[in-house]
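Asks: Whatever this is, show me its structure:
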Amino acid sequence: MTGHEVQEIRRFNRFYTNLIGALDYGRHLYTPYTLTEARVLYEIAHAQRVDAADLRLSLSLDAGYLSRLLTRFEERELITRGPSEQDARRQRIALTDRGRATADLLEGRSRDSAGTLLNRLSGPDRTRLTESMATIRELLGKAGERPEPALRLRGPAPGDLGWMVQRNAVPYAREYGFDLSYEALVARIVAEYAERYDPRWDRTWIAELDGERVGAVMCVRDGLEAAPEGAGGAPPHTARLRLLLVEPEARGHGAGRALVSACVDFAREAGYRELVLWTNSVLSSARVLYERAGFELTAEKPHHSFGQELVGQDWRLPL
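Replies: Sure thing, here's the model as predicted:
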């Protein structure tokens with residue numbers, strides 16, 4: 001790969017983005033919808049059955065952003081949402097009559113726009129253009145056929161604990177509006193872990209996809225109970241899962257499931273009697289992971305933290 005090849009791709013991207021009006025899609029097609037909103041409506045309209053999770057994966061959208069977009073659609077009476085027949089934890093999306101009419105309008109205007117572009121060209125040039133586009137899809141589409149990226153878990157290396165603080169703070173601020181007090185809390189948890197670390201009872205895992213850090217989790221002694229002295233001492237009773245993190249772009253590759261499983265397995269092997277965790281109800285993706293691992297919700301309590309009105313949840317897994 002040469003610098004010239006990279007520049008040519010970027011030059012083409014800029015040209016085509018401007019040509020189809022991607023940066024001002026609503027004005028380009030005379031609609032109040034963005035390009036992303038139109039793509040979501042298109043996917044819902046052309047799928048026999050579609051779940052929110054399917055949309056997120058097929059369009060590579062951030063879960064929080066997609067949720068807000070679907071809420072806007074619901075407020076405009078374009079869609080309905082309900083539990084999936086196959087899995088009640090998944091959210092089934094369907095167009096209303098108004099939503100289907102909107103999707104049809106956007107489809108028609110998109111077709112007209114493409115037709116206007118093609119009408120500028122002669123017959124032979126239209127053939128060259130469509131064949132070239134097919135070649136681009138064929139060549140770049142092969143990237144999607146590559147094997148699933150390799151997932152591995154490892155222990156923390158120098159710099160990983162600081163990375164955990166930074167990467168917890170950024171997605172939670174972007175997706176849920178958490179303020180600096182959340183980053184301060186994470187920093188305190190990480191500092192306490194480093195100061196109290198005992199390899200018999202405490203452990204951290206970093207998840208990597210093809211060598212890139214994409215997630216992390218901690219398993220620690222709950223509270224301030226001291227590690228037992230002597231070989232014959234009983235282990236601490238309760239372990240706590242803390243700071244589960246999976247980068248938004250890495251979700252769907254099994255990193256979260258692997259991290260939770262590693263935490264559960266370690267707690268059992270260390271001799272803990274139970275594994276507990278505290279989270280907030282807005283973190284629905286994490287809740288699915290906990291339920292699948294066998295955790296049970298034991299308590300809920302509203303609270304104002306991190307600049308938001310939240311519902312805290314306590315979860316417990318007997319070991």
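Asks: Identify the residues contacting stretch 155-172?
Replies: Outside stretch 155-172, the residues within contact range by Cβ atoms under 8 Å, 6 or more residues apart in numbering are 178, 182-183, 186-187, 190, 193-194, 203-206, 213, 216, 243, 245, 247-248, 306. Every C-beta, even on glycine, is put in place using the N, C-alpha and C of the backbone.
Asks: Take the residues you listed and keep only those in helices.
Replies: Mapping the contacts of stretch 155-172 onto helices (DSSP state H) picks out 182-183, 186-187, 190, 193-194.
Asks: circling back: and the contacts of stretch 155-172, which of them are buried?
Replies: Buried members of the contacts of stretch 155-172, counted by 16 or more other Cβ atoms under 10 Å: 178, 182-183, 186-187, 190, 193, 203-206, 213, 216, 243, 245, 247-248, 306.
Asks: Centroid-nearest residue for the chain?
Replies: With the centre of the chain defined as its mean C-alpha position, the nearest residue by Cα atoms, centre = their mean is residue 248, 3.2 Å away.
Asks: Any figure for the gap between it and residue 278?
Replies: Counting by Cβ to Cβ, to the nearest Å, the separation of residue 248 from residue 278 is 22 Å.
Asks: ok, back up a step: tell me the spatial nearest neighbour of the residue nearest to the centre of the chain, not counting adjacent residues.
Replies: For residue 248, ignoring the flanking residues on the chain, the nearest one in space by Cβ to Cβ, 6 or more residues apart in numbering is residue 62 at 4.9 Å.
Asks: coming back round to it: any idea which of the ones in helices among the contacts of stretch 155-172 is closest to residue 273?
Replies: When the ones in helices among the contacts of stretch 155-172 are ranked by distance to residue 273 (Cβ to Cβ), residue 193 comes first, at 21.0 Å.
Asks: pretty sure that closest one contacts residue 202?
Replies: Yes - with contact defined as Cβ atoms under 8 Å, residue 193 and residue 202 form a contacting pair (6.6 Å).
Asks: Which residues are in contact with each of the two?
Replies: Residues touching both residue 193 and residue 202 by Cβ under 8 Å, 6+ apart: 218, 220.
Asks: which residues of the protein score low on pLDDT?
Replies: Screening the chain residue by residue with the criterion pLDDT under 70, one finds the ranges 1-2, 19-31, 48, 84-89, 142-148, 224-235.
Asks: ok now do residue 178, which residues does it touch?
Replies: Residues in contact with residue 178, defined by Cβ under 8 Å, 6+ apart, are 169, 172, 306-308.
Asks: Could you do residue 247 as well?
Replies: With the criterion set at Cβ under 8 Å, 6+ apart, residue 247 makes contact with 167, 171, 213-215.
Asks: so where's the longest helix in the chain?
Replies: Longest helix in the chain, counting residues (DSSP H): helix 97-119.
Asks: quick one: the helix or strand following it to helix 97-119, angle?
Replies: Past helix 97-119, heading to the C-terminal end, the next element that is a helix or strand (DSSP states H and E) is helix 123-141. Helix 123-141 and helix 97-119 meet at an angle of 120 degrees, taking axes from the mean of the first three to the mean of the last three Cα atoms, to 10 degrees as the criterion.
Asks: Quick one: residues in contact with the following helix or strand past helix 123-141.
Replies: Scanning forward in sequence from helix 123-141 by DSSP H and E, the next helix or strand is strand 151-154. Residues external to strand 151-154 that are found in contact with it (Cβ under 8 Å, 6+ apart): 205-209, 253-255, 258-259, 262.
Asks: Which ones among those map onto strands?
Replies: With strands identified by DSSP state E, the entries of these that belong to them are 205-209.
Asks: and the two most separated of those residues?
Replies: 205 and 209 (13.7 Å).
Asks: what is in contact with those two at once?
Replies: Joint contacts of residue 205 and residue 209 (Cβ under 8 Å, 6+ apart) do not exist.
Asks: mind checking how far residue 223 is from residue 264?
Replies: From residue 223 over to residue 264 the distance is 19 Å, taken as Cβ to Cβ.
Asks: Those two: which is more packed in?
Replies: Comparing residue 223 with residue 264 by neighbour count (other Cβ atoms under 10 Å), the higher total belongs to residue 264, at 20 against 9.
Asks: Can you tell me the element the more buried one falls in?
Replies: With the criterion set as DSSP H and E, the secondary-structure element containing residue 264 is helix 255-270.
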